[in-house]
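Colleague: Okay, here's the prediction I keep looking at, along with the sequence it came from:
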Amino acid sequence: PITVQDGHLFMCDYLLSLAYFALVRVCVEWHQPGAAMLLDLDVSLSRLKDAKSIDELFGDSVVPAEELSAPAGTRFRTLLRHLAVGQPGLACGNGKTLKSYNMSQLLISHLYDKELARATKEMEALREDGVEEDDGEAPAQQVNEDEALRYIFKQKLEGERTAKTSTDEEGWFTETDRNVLALLDQRRDGGGRIWGQMILMRVYENQENMTMQTVLRDALGKLGLVQTDGGSDGDSAPRAFSVLSDITDTKIAEAIEPYFLEQFDLNRALGSDEIWGFDRNGEVCCKTDSPSRTLQQIFGRKLASYQRESAQGVRVPRAELSYEDLHNVPMLLIVTEKARMGDTFPHSLVSLDLRLRTAGTLTAFMQELGRMCRYPATRLLHDATKPLSVSGVLAALGAADAAARSAAETEMPGAAEEDIDAAVRAAADARRLLEL
């Protein structure tokens, strides 16, 4: 048996949030090249307003509704029960195997029913106020589950509209919703390339960590966030985001989902439609036809380098994927006694979830927040409208020689040719220094 711990309560909070997003916010064609992951907020609000019941939303959502036969008005509850129960038969740490799990008590009774009760109380208060204004003798109607759930969804949508500019501890759009939004809010291009974000969560126990990974991965498939229609099996099929448990003996290349290891293209990590690199002469150039780049290729190069240097008698660390290699992968990274001082995280890390486990002293807490502090990777150039990556800066400097001459001629009217040449050489020297 698996001991229920605090992390499992947080896991159920993520399950509840994922169910909401899958039903209301995720685009049905999310897996198609160039398709948006999320619907426009106004579109989601319109769907909610036009639906006669919450059950009706299942018809044009990503959630596989055929597995959710339920009495009218209870399909969302049935979906949550479907997420809370499973038989994965997977290892979950400490030599134990998670043959089955049942989180119904936590997810349904502890979270969902309490959310419904809170929504019902707020709606009844609003109705009572309205009745008093219209007719003090008319009784307020009782709120049913469908109405309470519609109210919750509407409040979440309105909260998402202001989530990036404000916080509300009592609001319906929770911190967990913010994290799930960050995981699903992915920019995509016509080639199927994705710019993803990372959420880092720290938990206490290895077993707790591994069961969270197992249940959340299982939930993505149940919610239609794993695309298997194209003939891919469940392991290598496109997934909305990665859930990775990192404990003492975890090797990322072995633990991450095969889709993100073998197929996910990292080659748009700069957030630009163009890839910058170096030509055969060492000059910075735009490489519009760059091939895809995967974690498996990165690991292969590291392994080849390790084997080559080891054969020469050089003592080097074993070849492994690092956190930094995960830049641009949409991922919920759950760690136990890992991710300490000295680890470098990718710039796609956007949230450090410390609600479950954090330090007990100010000094240790400041060290914990240091996970979010990385070396700067962006610089704002003159006349630039947005920051560029380091590679982008070098690319701009690579094209600066001609601009330097033009600028020198403008700033030094009537100057001798040798002075203009000196200014151009100074710009070139600055570029080389920055490359170093």
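Modeller: It's in.

Colleague: so where's the stretch 51-200 of the chain uncertain?
Modeller: Across the stretch 51-200 of the chain, the ranges flagged by pLDDT under 70 are 67, 73, 89-97, 130-140, 187-194.

Colleague: And the helices in it?
Modeller: For the stretch 51-200 of the chain, the helices defined by DSSP state H, counting those that start in this stretch occupy 54-57, 75-84, 104, 113-134, 145-161, 175-184.

Colleague: list the contacts for Y101?
Modeller: The contact partners of Y101, taken as C-beta atoms under 8 Å, 6 or more residues apart in numbering, are I2, A84, V85, G86, P88, T211, T214, V215. C-betas here are computed from N, CA, C, even on glycine.

Colleague: mind giving me JSON lines with these and columns for distance to P71 and neighbour count?
Modeller: As requested, the contacts of Y101 are exported to JSON lines (distance: C-beta to C-beta, whole Å; neighbours: other C-beta atoms under 10 Å):
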{"residue": "I2", "distance to P71": "31", "neighbour count": "19"}
{"residue": "A84", "distance to P71": "18", "neighbour count": "21"}
{"residue": "V85", "distance to P71": "18", "neighbour count": "16"}
{"residue": "G86", "distance to P71": "23", "neighbour count": "20"}
{"residue": "P88", "distance to P71": "28", "neighbour count": "16"}
{"residue": "T211", "distance to P71": "31", "neighbour count": "27"}
{"residue": "T214", "distance to P71": "30", "neighbour count": "23"}
{"residue": "V215", "distance to P71": "26", "neighbour count": "25"}
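
Colleague: Looking at those, which is nearest S69?
Modeller: Closest approach to S69 among these (C-beta to C-beta): V85, at 15.3 Å.

Colleague: Pretty sure the closest one sits against L107.
Modeller: No - with contact defined as C-beta atoms under 8 Å, V85 and L107 do not form a contacting pair (9.5 Å).

Colleague: quick revisit: mind checking the helices of the stretch 51-200 of the chain for the one nearest to D265?
Modeller: helix 175-184 (18.0 Å).

Colleague: For L332, see how far away E160 is.
Modeller: 19 Å (C-beta to C-beta, to the nearest Å).

Colleague: And Y306, how far from L39?
Modeller: For Y306, the distance to L39 - C-beta to C-beta - is 45 Å.

Colleague: Ok, K52 next?
Modeller: 19 Å.

Colleague: and the two? which has more neighbours close in?
Modeller: Per other C-beta atoms under 10 Å, whichever of K52 and L39 has more neighbours is L39, with 18 against 8.

Colleague: Quick check: closest non-adjacent residue to the more buried one.
Modeller: Of all residues not flanking L39 in the chain, C27 sits nearest, at 5.3 Å (C-beta to C-beta, 6 or more residues apart in numbering).

Colleague: what are the phi and psi values for the one you found?
Modeller: Main-chain torsions, C27, degrees, to the nearest 10: phi -70, psi 140.

Colleague: close enough to count as contact, it and V43?
Modeller: No - between C27 and V43 there is no contact under C-beta under 8 Å: 9.1 Å.

Colleague: between these two, who's got more neighbours?
Modeller: C27 (18 against 12).

Colleague: Check the gap between that one and K164 for me.
Modeller: In terms of C-beta to C-beta, C27 sits 20 Å off from K164.

Colleague: and if you look at L216?
Modeller: Where K164 is concerned, L216 sits at a distance of 24 Å (C-beta to C-beta).

Colleague: Name the residue in the two with the higher neighbour count.
Modeller: For L216 versus K164, neighbours defined as other C-beta under 10 Å are more numerous around L216 (19 against 9).

Colleague: residue contacts, that one?
Modeller: M11, Y14, L15, L18, V243, L332.

Colleague: Quick one: the strands in the stretch 301-436 of the chain, in order.
Modeller: All strands of the stretch 301-436 of the chain, identified by DSSP state E, counting those that start in this stretch, fall at 331-335, 349-353, 378-379, 388-389.

Colleague: I'd like the average pLDDT over the third one.
Modeller: In this model, strand 378-379 carries a mean pLDDT of 42.

Colleague: Could you do the first one as well?
Modeller: Model confidence over strand 331-335, given as mean pLDDT, is 93.

Colleague: which residues touch it?
Modeller: 14, 179, 183, 196, 198-203, 209, 212-213, 216, 241-247, 260, 323, 326, 339.

Colleague: now the angle between helix 175-184 and it, please.
Modeller: 120 degrees (axes from the mean of the first three to the mean of the last three C-alpha atoms, to 10 degrees).
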